[in-house]
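Peer 1: Have a look; sequence and predicted model below, questions after that.
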Amino acid sequence: MKTEILSMLRAADGYVSGQQICDRFHVSRTAVWKVIEQLKEEGYEIEAVRRRGYHLTGSPDVMSKAEIESRIETKWAGRNVFYYEETDSTNTRAKALGEEGAPHGTLAAADAQSAGKGRRGRGWESAPGKDIYMSILLKPQISPVQAPMLTLVMALSAVEAVKEETGLDAGIKWPNDLVINKKKICGILTEMSLEEEQISYVVIGVGINVNHDEFPEELAGRATSLKLESGKEWTRAKLVAQVMEKFEKNYEIFLKDGSLAGLKERYNGLLLNKEREVRVLDPKGEYTAFALGINEKGELLVEREDGRREAVFSGEVSVRGIYGYV
Ligand code: ATP
């Protein structure tokens, strides 16, 4: 009921009477008052005026199950929300939910992570109260070799959401980092579970630096946040809902042919490495090449200095700009 009352207050342009809320949910005035008090404790600014009702005058950047749910408008992406004040890693939570049979589209989100994960065993700095840490559980009917493409589907969705929400000039560093002004604002980590060579579920984790003010020294040179770039604080739950909305649409395009064919053009349009020199950090040997863009499998097409063309697969490889991170 908290979620619905919050949605009702947000949708109203002014006051919502206590009676209206009582009638809608068939509860007493006292029950409504209690929910309003809880919302105030969570940080919402709600005016209560006799005979007029309740008016939501301010929603600071609250993260909670009700806040996220009240903003989600998708069919399945993020419809079933699990929220944690602090957890080890939302990917770990989403995987556990997958094991328990939670439905496709379930979202695990947290205010803080104690063991945030990056690719290849790296960590993800996950301070409390400022940023987005979330993982979506998917049950796609695709083969395991297609699963890494979902990382790119999420990168595209996240960058589209960030651009629409903030107007900031964000782009993608292949395959899955979001970058503003050559610094990283978002990382994505996809993990899957197989059963007899079939996918039982996929988890895509997304960490977005939203209202972060300061990074530890070792990251400061290549990490930034939406706040640092814009000078403004952003409402995390709103951005979570935007990412879910974009992802649901893009995922459905991806599923049509199980490839990035229908998304490639938009992805390449936002790819910062495109038509630039890159350093391909291939464990079999690093090299410099000219990046052309992705193909429908999500591989980065590059032209080496001797003219040979290669399709770089993301699993083992990172790319860097010639003079820096991008
Ligand atoms: P790269 O190509 O930069 O190596 P990656 O995709 O392999 O990126 P990720 O798994 O996305 O790496 O992210 C992990 C790395 O990101 C860490 O090793 C660290 O350098 C950096 N990092 C950790 N926390 C943050 C953060 N909150 N914001 C930006 N960067 C971070």
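Peer 2: Looks like it arrived, so ask away. As the structure is a prediction and not an experimental result, all values here were calculated from the model. Numbering: from 1, shown residues only.

Peer 1: C-alpha only now, for contacts and for neighbours.
Peer 2: Fine.

Peer 1: show me where pLDDT drops low in this protein?
Peer 2: Along the chain, the model assigns pLDDT under 70 to residues 323.

Peer 1: residue furthest from the geometric center of it?
Peer 2: Most distant from the centre of the chain: Arg51, at 41.4 Å, with distances by Cα atoms, centre = their mean.

Peer 1: Quick check: closest non-adjacent residue to that one.
Peer 2: When the adjacent residues along the chain are set aside, Arg51 lies closest to Ser17, with 7.3 Å between them (Cα to Cα, 6 or more residues apart in numbering).

Peer 1: helix/strand/coil for Ala77?
Peer 2: At Ala77 the chain is in coil, as set by DSSP: H, G, I helix; E, B strand; the rest coil.

Peer 1: Is it correct that it is in contact with Glu245?
Peer 2: Yes. Using Cα atoms under 8 Å, Ala77 is in contact with Glu245, at 7.1 Å.

Peer 1: Comparing those two, which shows the higher neighbour count?
Peer 2: Ranked by neighbour count (other Cα atoms under 10 Å), Ala77 and Glu245 place Ala77 first, with 25 against 21.

Peer 1: residue contacts, that one?
Peer 2: 104-107, 136, 244-245, 247-248 (Cα atoms under 8 Å, 6 or more residues apart in numbering).

Peer 1: Distance of it relative to Ala108?
Peer 2: Distance, Ala77 to Ala108, by Cα to Cα, to the nearest Å: 11 Å.

Peer 1: And for Arg50?
Peer 2: Look at Arg50 and Ala108: by Cα to Cα, they are 39 Å apart.

Peer 1: what about the helices in the stretch 1-150 of the chain?
Peer 2: Along the stretch 1-150 of the chain, the segments classed as helices by DSSP state H, counting those that start in this stretch run 2-11, 18-25, 29-42, 65-69, 90-99, 148-166.

Peer 1: Let's verify the spatially most central residue of the chain: helix, strand, or coil?
Peer 2: Centroid check for the chain by Cα atoms, centre = their mean gives Val206 as the closest residue, at 4.3 Å. Secondary structure assignment for Val206 (three-state DSSP): strand.

Peer 1: Lovely, talk soon.
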